[in-house]
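Colleague: structure, please.
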Amino acid sequence: MSVATAQIGTTNWHLAGIRTSSGTECDHCGRILKNLYDVIDTTNGRKMTVGRGCCKKVTGWSLAASEAARLLRAAQAAARQAQVWLEFTAAFPEDAQMLEHDIRTWRPAHPGQCNIPATVKNDIAREATPRSWWKGRMQEYRRTRRP
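Modeller: The predicted structure is shown next:
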């Protein structure tokens, strides 16, 4: 499984990890770092370990520790949701295909109504619907599905 990364701003750089260490040198300036950012340039695959200051110099974006942590958590959650959706698709290929079709063709019954098929998919991917309920959830969806 690949490492979840988060795009840094609108650049080609992605944040792959945040670490603390003693004695690790910055790949940009050579300074000894305590807080490390692992970054990857997606255009050429170049990987670097830098500090916060050099992160701005290398990527062009300032990245506070809290923002970096938030970006990584969001990327990890998205990767996990994609993995759960793949598991659902493998277990119930026809249901997954039906949901994807319904998401694309959804038309609300009234203004402001949410995209129900997208909500079902999101519930499955976020594991709000446990695996043991997947089959029952899809039976319920098929019963209430709009043509």
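Colleague: would you agree Ala82 is in contact with Lys121?
Modeller: No - with contact defined as C-beta atoms under 8 Å, Ala82 does not count as touching Lys121 (11.5 Å). For glycine as for every other residue, the C-beta is placed from the backbone atoms N, C-alpha and C.
Colleague: show me which of these two is the more surrounded one.
Modeller: Lys121 (21 against 12; other C-beta atoms under 10 Å).
Colleague: residue contacts, the more buried one?
Modeller: Neighbouring residues of Lys121 by C-beta atoms under 8 Å, 6 or more residues apart in numbering: Trp85, Leu99, Glu100, Ile103.
Colleague: backbone torsions only: list them for the last one.
Modeller: Pointing back at Ile103 there. Note on Ile103: backbone dihedrals following degrees, to the nearest 10 are phi -60, psi -40.
Colleague: select the longest strand from this protein.
Modeller: Assignment by DSSP state E gives strand 13-25 as the longest strand of the chain.
Colleague: check which helices and strands that one sits against.
Modeller: Secondary-structure packing of strand 13-25 (3 or more C-beta pairs under 8 Å, 6 or more residues apart in numbering; DSSP states H and E): strand 6-7, strand 32-41, helix 65-91.
Colleague: that strand: partners in the sheet, and parallel or antiparallel?
Modeller: Here strand 13-25 is paired, per DSSP bridges, with strand 6-7 (antiparallel), strand 32-41 (antiparallel).
Colleague: what's in contact with the last one?
Modeller: With C-beta under 8 Å, 6+ apart as the contact definition, strand 32-41 has outside contacts at 5, 8, 12-26, 46-52, 55, 58-59, 63, 65, 68.
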